[in-house]
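# Whatever this is, show me its structure:
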Amino acid sequence: MSIGAKIGPRLVLRQSQSLVMTPQLRQAIKLLHYSNLELSSFVQEELDRNPLLERDERPETPSAEAPAQDQRPSVLEPVDSHAQVTSESLPSAAEAPLDADLSNTYDAGGVADGGLSGMLYTGIGRGGSHAFDGDGPGIDDLAESPVSLRDHLAQQLRLGFADPADQLIGAHLIALLDGAGRITAEPAAIAAALNVDLAHLEAVRARMMRFDPVGIFARTLRECLAAQLAEQNRLDPAMAIMLDNLELLARRDLKRLSVLCGVDAEDVADMVAEIRRLDPKPGAHHEIGPMQPLVPDVLLRGLPDGSWHIELNSETLPRLLVNQSFHARVSARTSREDRVFLSEQLQTANWLVKSLRQRAQTILKVTGEVVRQQEGFLRHGVAHMRPLTLRDVADAVEMHESTISRVTANKSIATPRGVFELKFFFTTAIAGMGGATFSAEAIRHRIRAMIGAERPDDILSDDAIVAALRKEGVDIARRTVAKYRETLQIPSSMQRKREKTAA
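Below is the predicted model of the structure:
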């Protein structure tokens, strides 16, 4: 008789610990990762979804109980002291009411008056005020709508070609333009697709290369520059040879170019300066829209006593209210299903308000520690930046590194030295003599300053930069210097010597 293990289903009771990520916990973690603008979009979705949530649009008025903004206590003490971060309410600018009935409002300056269409007169005076004693919107308040590059070229196409076949070819070429204003497709393939002769296509393209901006519809950089030089009547044989040897120009081999073009060094320098004034990407500037300013999430300013005041940017953060009275009034007169729905919405609304408050406190606490660590940079510049890692901040504020990473991601801070991303203040450490450490950002700044101050007859090589940094106490390798130099987009010593010699 053999005894073996019994195989079959069994009921076993075991105890174990595990972290359960509830949907609300996941959403709270996502809120830390959001920037203020992304958070505003998320809050707007919650306002549309939850009937118990309201936007607090009451204007902030200083009272005896709540001190004014400029009278609140400092957030950070001077250097060598811990950050004293206080949680503050998240105010927002008062907005005009959205529930006004404008169906019977006279549209002053509208289409009936010969004004601009689509502008609704909402009782807001000049500069956004609600007063009627000032002047109306002036012409300076109206921005010109930008014309796209394709619309600009289509207008020139209609005026430059009378033949419908030429206009059809030109419209197809306009559709094939890339962001730089070049044609990347082969002319033979384009002619085959349109069922036209290649010579006819090239003749139309040659005329369109003189459109504004000149040099557009070119297939190569040489064609683009040649069209602009021909428009200026400067495409002579010597310049054509230089355009045929653009790789030598990129290497700053001016002696070789002087021999090929048959001119002296002074003429080569003039020709190079003339080429530099041309636009290698004539179509890129027309596609650039208005620059969007970087809206900071955190505001930092210095106080007269030398401390720092930190606050969240209230202009980009909404204030929320939970309508408890509406819940109490409606839930007493509704069915059981509706009461369950309202209870869930009330719980969600309370959780969101609490999460926003906790998010604000966490951001202020982490930012306060970052400012304390990098106070040298804020007061004296990049050369005094300290090496800083996520672990350093996590240990100081007693949080996990992942939390610090989420707090500092996608967020920027406005400082007296400009607006920076919070990730900018975290840099790796470079070992120094005697156990000292230096910030990698400060080393890059030092390398840029050393190269910027070099003389044309004394160009610093990477080895010379390493020797100079080691005299200053920085133990750095040559390959690290080369990597930092390439990151700063600084050419090699040989390239810099050619450029400064030519200059």
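# can you give me the end-to-end distance of stretch 301-312?
Distance between the boundary residues of stretch 301-312 (Cα to Cα, to the nearest Å) amounts to 12 Å.
# State the mean pLDDT of that stretch.
Here the mean pLDDT over stretch 301-312 is 90, rounded to a whole number.
# Would you mark the buried spots in it?
Judged by neighbour count (16 or more other Cβ atoms under 10 Å), stretch 301-312 contains these buried residues: 307-312. Every C-beta, even on glycine, is put in place using the N, C-alpha and C of the backbone.
# Distance from it to the middle of the chain?
What separates the centre of stretch 301-312 from the centre of its chain is 26 Å, taken as Cα atoms, centre = their mean, to the nearest Å.
# Now tabulate the buried residues of stretch 301-312 in TSV and tack on distance to Asp197 and secondary structure.
Listed next are the buried residues of stretch 301-312 as TSV, based on distance: Cβ to Cβ, whole Å; DSSP: H, G, I helix; E, B strand; the rest coil:
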residue	distance to Asp197	secondary structure
Ser307	77	coil
Trp308	72	strand
His309	72	strand
Ile310	69	strand
Glu311	69	strand
Leu312	66	strand
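# and the residues you listed, which two are the farthest apart?
Of all pairs drawn from these, the greatest distance, 17.9 Å, lies between Ser307 and Leu312 (Cβ to Cβ).
# for the longest helix along the chain, the distance to its chain's centre please.
Using DSSP state H to define each element, the chain has its longest helix at helix 336-373. Distance of helix 336-373 from the chain centroid (Cα atoms, centre = their mean) equals 27 Å.
# Please identify the buried residues of the helix or strand following that helix?
The helix or strand immediately downstream of helix 336-373 is helix 375-380, counting by DSSP states H and E. By 16+ other Cβ under 10 Å, the buried positions in helix 375-380 come out as 375-378.
# now, which of those sits nearest Ile451?
Phe377 (21.3 Å).
# distance of Glu311 from Asp297?
Using Cβ to Cβ, to the nearest Å, we find Glu311 at a distance of 11 Å from Asp297.
# Which residue ranges of the protein form strands?
53-55, 298-302, 308-312, 320-322, 412-415, 418-421, 429-431, 437-439 (DSSP state E).
# Including distance to Arg222, could those strands go into CSV?
Formatted as CSV, these follow (distance: least, Cβ to Cβ, whole Å):
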stretch, distance to Arg222
strand 53-55, 58
strand 298-302, 49
strand 308-312, 53
strand 320-322, 60
strand 412-415, 42
strand 418-421, 40
strand 429-431, 44
strand 437-439, 44
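# And those: which comes nearest Gln44?
Smallest distance to Gln44 across these (Cβ to Cβ): 8.9 Å, for strand 53-55.
# Give me the distance from the closest one to the chain's centre.
30 Å.
# now stretch 188-199
On Cα atoms, centre = their mean, the centre of stretch 188-199 falls 42 Å from that of its chain.
# Same check on stretch 13-27?
Worked out by Cα atoms, centre = their mean, stretch 13-27 lies 37 Å from the chain centre.
# One more: stretch 157-170?
Put simply, stretch 157-170 sits 40 Å off its chain's centre (Cα atoms, centre = their mean).
# residues of that stretch that come out buried?
157, 160-161, 166-167, 169-170.
# End to end on that stretch, go ahead and measure it.
Note: stretch 157-170 ends 7 Å apart using Cα to Cα.
# State the pLDDT value of the closest residue to Met209 other than its chain neighbours.
Spatial nearest neighbour of Met209, chain neighbours left out: Ala227 (4.5 Å); criterion: Cβ to Cβ, 6 or more residues apart in numbering. Note on Ala227: pLDDT of 91.
# With the one 3 residues further on instead?
pLDDT, Ala230: 90.
# And it, how close does it get to Val214?
From Ala230 to Val214 the distance is 9 Å (Cβ to Cβ).
# OK, contacts around the nearest residue to Val295 once chain neighbours are set aside?
Nearest residue to Val295, sequence neighbours excluded (Cβ to Cβ, 6+ apart): Thr316, at 5.8 Å. By Cβ atoms under 8 Å, 6 or more residues apart in numbering, the contact list for Thr316 reads 36-37, 40, 295, 297.
# do the same with Leu229
Neighbours of Leu229 in contact, by Cβ under 8 Å, 6+ apart: 235, 239, 243, 274, 278.
# can I get these in TSV with neighbour count?
Shown next, in TSV, are those (neighbours: other Cβ atoms under 10 Å):
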residue	neighbour count
Leu235	16
Met239	19
Leu243	20
Glu274	16
Leu278	18
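# Flag every buried residue along the longest helix of the chain.
342, 345-346, 348-349, 352, 355-356, 359-360, 362-373.
# Can you give the domain ranges for the chain?
Domain assignment for the chain, taken from automatic domain parsing, gives 24-57+73-90+295-425, 149-287, 429-502.
# and those as TSV, adding distance to Gly8?
Formatted as TSV, the domains of the chain follow (distance: least, Cβ to Cβ, whole Å):
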stretch	distance to Gly8
domain 24-57+73-90+295-425	39
domain 149-287	68
domain 429-502	60
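# for those, which one sits closest to Gln15?
Of all these, domain 24-57+73-90+295-425 comes closest under Cβ to Cβ, at 22.6 Å.
# distance between the ends of the closest one?
Taking Cα to Cα, the first and last residues of domain 24-57+73-90+295-425 lie 31 Å apart.
# Tell me the gap between it and the middle of its chain.
20 Å.
# same thing with stretch 440-459?
The chain centroid and the centroid of stretch 440-459 are separated by 27 Å, computed with Cα atoms, centre = their mean.
# and what of stretch 251-271?
41 Å.
# Dump the C-alpha coordinates for that stretch into CSV.
As requested, C-alpha coordinates have been extracted for stretch 251-271 and formatted as CSV (Å, rounded to 0.1, in the frame of the first residue of the first chain):
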residue,chain,number,x,y,z
ARG,A,251,32.5,72.9,-41.4
ARG,A,252,33.8,76.5,-41.7
ASP,A,253,36.4,75.4,-44.2
LEU,A,254,36.7,78.9,-45.6
LYS,A,255,40.2,78.3,-47.2
ARG,A,256,38.8,75.5,-49.3
LEU,A,257,35.8,77.6,-50.3
SER,A,258,38.1,80.5,-51.3
VAL,A,259,40.0,78.2,-53.7
LEU,A,260,36.9,76.7,-55.2
CYS,A,261,35.1,80.0,-55.7
GLY,A,262,38.2,81.8,-56.9
VAL,A,263,37.9,84.8,-54.6
ASP,A,264,40.0,86.0,-51.7
ALA,A,265,39.2,85.6,-48.0
GLU,A,266,37.5,89.0,-47.6
ASP,A,267,35.0,88.1,-50.4
VAL,A,268,34.4,84.7,-48.9
ALA,A,269,33.6,86.4,-45.6
ASP,A,270,31.1,88.7,-47.3
MET,A,271,29.5,85.8,-49.2
